Every structure is written in structure tokens, then in C-alpha cells.
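Trainee: here you go, sequence then predicted model.
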Amino acid sequence: MRNKVQSKLRSMQDSWFSAKADEIQGYADKHDTKNFYDAVRGVYGPQSSGSSPLLSADGSILLTGKKEILSRCADYINKVLNRPGAIKDIAIEPLPQVPLSQQVDTPTSIEEVSKVIQHATSRKAPGQDAVPASVYKSGGAALREQLTCLYQIMWRKGQLPQEFKSPIL
């Protein structure tokens, strides 16, 4: 009896996969990409929405844990943004000084960081930091808080680069 049930189940699975393959091929022939990918997702199931893996600083280890990825991001941002300035004060002194805007001269808030992360474009090549937007988006509240804290520390020390002093972030 068990063999008959298994045989019938395999037969049903084979016919389902065959019908699904024909359906997917029909969508491909019609260049109907939306239904094609919907049908493929129906076969393979939903993808996990876990965090994207990231290489370690030396590039030898693939980091998959959330804490490891968050730590790597924080280390990278500290390394990149906490460098001594290349412009000498002598070059800056003769320039006319413009009063600071109060809107710009405030520390970065978590809402601003969240807004920028939310509007970051996914599925595009990563920027100079080599960290894909999906890593920032999947980092959740912990990453947003860490980034906000880092930006606020840099703001207090006067080390925040000019591009971070815009009203957007």
C-alpha cells in the first residue's frame, strides 16, 4: 500500500511539474516577464529575506551573521570617514566665510538616517563603501541607531564630511 501511495504521489508531482514547465515556457515564449517570474516563484517558493553576506575587511571570510555585518559596516565607516583632512588651513583662510544655516548645523537624527536608507536604491551596484543598499535596509533598527550615533559623534568632533551636512542627511 505504501509503495502504491508513493508511486501515485510521484506521478502527481511529475504531472504538476510538467504542467508548470509548459506554463512557464508559454510565458517565456510570449515575453510575459511578470507572469513568468510569478510562475517561477510558485515553483521555487518565496526567497528568504535575510541579510546579504558581506566580505570581511581583508576579503578572506564571508560574513553572514547580522552582528558581524553590522560590526564590519561600522568599522568601514569609521575607517573611511575618520581620516585627516587633505586641505590645509592656509588655503581656507582667504576664502570668504558664509554664516552657517541652522538647519544644516544640527546633528543627524535617526529619522534622517532612516529616510535615506529607505530611499536607497536596491539592486544597483554598491557605492564607494562597497556595501549594497540591501545590507543597510536589512540592518534594521540596530544599524540605523549605530549609523546615527556614528554621524552624531563625527558631527560633535567636526569630522563630518561636507556631503553629510546637507538637509537630506
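Mentor: Okay, I see it.

Trainee: buried stuff in the helix or strand encompassing residue 8?
Mentor: Assigned by DSSP states H and E, residue 8 falls within helix 2-29. By 16 or more other C-beta atoms under 10 Å, the buried positions in helix 2-29 come out as 24, 27. Glycine gets a C-beta too; all of them are placed from N, C-alpha and C.

Trainee: over to stretch 29-43?
Mentor: Neighbour counts over stretch 29-43 (16+ other C-beta under 10 Å) mark 36, 39 as buried.

Trainee: and the contacts of it?
Mentor: By C-beta atoms under 8 Å, 6 or more residues apart in numbering, the surrounding residues in contact with stretch 29-43 are 17, 20, 23-24, 27-28, 47.

Trainee: which stretches of this structure have low pLDDT?
Mentor: 47-51, 100-105, 159-169 (pLDDT under 70).

Trainee: got the domain boundaries for it?
Mentor: Following automatic domain parsing, the chain resolves into domains at 2-44, 54-165.

Trainee: going along the chain, name the helices of this protein.
Mentor: 2-29, 33-44, 66-81, 89-92, 110-119, 133-138, 140-157 (DSSP state H).

Trainee: looking at those helices, spot the one closest to residue 127.
Mentor: Across these, residue 127 has its closest neighbour in helix 133-138 (8.6 Å, C-beta to C-beta).

Trainee: show residues contacting the closest one.
Mentor: The list of residues contacting helix 133-138 from outside it, by C-beta under 8 Å, 6+ apart, reads 49-52, 54, 69, 73, 117-118, 120-124, 126, 143.

Trainee: PyMOL command for the buried members of these?
Mentor: Of the contacts of helix 133-138, the buried ones go into a single PyMOL selection, burial set by 16+ other C-beta under 10 Å:
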select buried, resi 51+54+69+73+117+143
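
Trainee: my guess is residue 78 contacts residue 150. True?
Mentor: Yes: counting by C-beta atoms under 8 Å, residue 78 touches residue 150, with 7.0 Å between them.

Trainee: looking at those two, which is more packed in?
Mentor: Between residue 78 and residue 150, residue 150 has the larger neighbour count (other C-beta atoms under 10 Å), namely 19 against 13.

Trainee: returning to that earlier point: looking at the contacts of stretch 29-43, which is nearest residue 95?
Mentor: The closest of the contacts of stretch 29-43, once distances to residue 95 are taken by C-beta to C-beta, is residue 47, at 52.0 Å.
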